[in-house]
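*Asks:* One predicted model, sequence on top.
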Amino acid sequence: MIAENYSLTGKQILHFETFGFLVRRNVFSAEEVAKINGEFDRRRASILAEIDPEEKRTFTQWPTRNPENPFTASLLDDPRIYVPSEQLVGEDSIPIQSHCNSYGKSSGWHVDTFDRRLCVIKNILYLQPTTADRGALRVIPGSHRSPLSEDLRNMDLYGFHDDTSPFLNASGMRGEDIPCYIFESEPGDVITFNELTWHAAFGGYKDRRSLSYNFFTNPKADDEIESMKKIVEHTPANTQGLGTVGLEYHPNWLENADNNPRRARWINWLEKWGFTDVLNN
C-alpha cells in the first residue's frame, strides 16, 4: 500500500530518464517544513556556538541522521523519499549521504559526478521559496546524457560565472543566460536529479537552506564495483572540502532500535563497503 501511494508513474519515470530530473510539488506540508526549519535553526545555532572564531572555520552542511533533529532524520525512512528513489535507482539502492545544507553564495554550473558507471540521484527539498534571482536550482534538460554532457564541458561551462570562460563571455553570456529549466519552488516541493545532470544556482544568499538525500546504485558488475571503491576512497576528502560538520551516521541511527529492515540493509551495506569507517572518523 505504501509503494502504491507514493510510487512514480511510468510517465514520471520517463521524464526523469529523458531530462535527467523530476519535479514533485507539495510533497511535504507547511507544518512539516516548519518543523524541519525549527530543527535546522537549533542545529545550526549549536554548530556556530561550537566554532572558535579564531579558527575562521566555515561549514556548509551537517548530516541529517542525528537525534538532535529527529523529524529531519526520519525523512530518510519516509516513503515519499525512498519509494521514488528505489524506483529510479533500484530496490537495493543505498543512501550514502544525506545532509542539511546552509549555503552562502551562488553555485556555478557543474555536475556532481562524471562517472557513468553508477547511477546516483539526489533529492532536494528547499526550506525557503526560491526564484530565478534568489537561489533557484537550475538544470539543463538532457545534460546527463552524451554527447551533450561532454559538449558542455568542452565549452568550459564547468564552474561558469560572469568572470570565467572567455568563449562564453565573448558572446556576452552570463551563467544565468545558459538555457535551462529553473526550479522555482515553495517549501515542500522536491526536485530529484541524476548527479550527471548539469546544474547551478544564482542569486545566492546567506543561509540558503535545503535538505539533500542521495541514493546510489548497488554495484554488481566489475566496472561498477571499481567505481564504488573509488568513491569510498575519495569521499572523506570531498566531504571535508564541502565543510561538513558531524558524523554522517550517528550511533543512534546505526543502533536501529526499531529494527527497521530497510535501515538494517542500508547499515549492513555501508559497513561492508567501509563508509561507516571513512565517514565517522
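*Replies:* Happy to help now that I have it.

*Asks:* helices and strands around whichever strand or helix holds I81, which ones?
*Replies:* Using DSSP states H and E, I81 maps to helix 79-89. Applying 3 or more CB pairs under 8 Å, 6 or more residues apart in numbering; DSSP states H and E, one finds that helix 79-89 makes contact with helix 2-6, helix 10-19, strand 21-24, strand 120-126, strand 190-194, strand 208-216. For every residue, glycine as well, the C-beta is placed using N, CA and C.

*Asks:* Go through the last one and flag the buried ones.
*Replies:* Okay, so that is strand 208-216. 208-211, 213-216 (16 or more other CB atoms under 10 Å).

*Asks:* any idea of the mean pLDDT for the helix holding I81?
*Replies:* In this model, helix 79-89 has a mean pLDDT of 98.

*Asks:* Quick check: most distant residue from the centroid of the chain.
*Replies:* Most distant from the centre of the chain: A170, at 32.8 Å, with distances by CA atoms, centre = their mean.

*Asks:* other SSEs contacting the strand or helix carrying A45?
*Replies:* Using DSSP H and E, A45 falls within helix 30-50. Counting by 3+ CB pairs under 8 Å, 6+ apart, the packing neighbours recorded for helix 30-50 are helix 70-74, strand 98-103, strand 208-216.

*Asks:* got the angle for the helix holding I81 vs strand 98-103?
*Replies:* Using axes from the mean of the first three to the mean of the last three CA atoms, to 10 degrees, the direction of helix 79-89 lies 100 degrees away from that of strand 98-103.

*Asks:* where does the stretch 151-281 of the chain dip in pLDDT?
*Replies:* 241 (pLDDT under 70).

*Asks:* just the strands in it please.
*Replies:* 181-183, 190-194, 199-201, 208-216 (DSSP state E, counting those that start in this stretch).
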